[in-house]
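Asks: Model the following, please.
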Amino acid sequence: MAESDVILLNHPSQTNPKPGAEMGIVAGHHHGFTVSDVERSVAFYRDLLGLELVRVSDRSNLPSYDRILGYGDVHIKIAILRHEKNEFVLELVQYINPSVEHREQENKYLGASHLAFEVDDVDGMYKALRAGGFGSINPPTDVERDGKVVARAMYALDPDGISIEMFQEYEDVISQ
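Replies: All right, here's what the predicted structure looks like:
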């Protein structure tokens, strides 16, 4: 085993000598998904959902990416999108090398993930997605809590089958 392969568990770079607040999470940074076609996914998230495209990058021949991602000779395309009114950032990664492998994704599977967006018109979003040729798991449905309708929600699927929740919370219920 080469010296560079050894992980020193008690080395200062691996542990914090002063556990405390400085060791905690400062903030969420981004949410990322692996996609089969970055341009197609950008069109979905930008044109249908309204996220702003910040940049698209093509990354290869970067040993740091090989180490971070755990693959050799990594070549990826990365798109960064954000919501104009808040700090939400979405990272879409297309693997060129190693090639992407499609896996069935259902909410019931261990480790399944979904992206949730609060929207102001879930029914309108449903119609826009359908008109754009995208499917949904269900049409908008009322969400009840303690016998009161508090929201409407639905799950849609992005071009790679990633679950996207659209959630419209009713204002009069939020304040209660």
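Asks: Could you point out the longest helix of this protein?
Replies: Across the chain, the longest stretch assigned as helix under DSSP state H is helix 122-131.
Asks: same question for that one, mean pLDDT?
Replies: The average pLDDT for helix 122-131 rounds to 92.
Asks: What is it packed up against?
Replies: strand 148-157, strand 163-169 (3 or more C-beta pairs under 8 Å, 6 or more residues apart in numbering; DSSP states H and E). Where you see a C-beta, it was placed from the backbone N, CA and C, and this is true even at glycine.
Asks: How far off centre is that helix?
Replies: Put simply, helix 122-131 sits 20 Å off its chain's centre (C-alpha atoms, centre = their mean, to the nearest Å).
Asks: what's the following helix or strand after it?
Replies: Using DSSP states H and E, the next helix or strand after helix 122-131 towards the C-terminus is strand 141-145.
Asks: what packs against that following strand?
Replies: Under the contact rule (3+ C-beta pairs under 8 Å, 6+ apart), strand 141-145 is packed against strand 148-157.
Asks: And the contacts of the strand or helix carrying Phe33?
Replies: If you go by DSSP H and E, Phe33 is part of strand 31-34. Strand 31-34 is touched from outside by 41, 88-95, 100, 113, 115, 158, 160, 162, with contacts defined as C-beta atoms under 8 Å, 6 or more residues apart in numbering.
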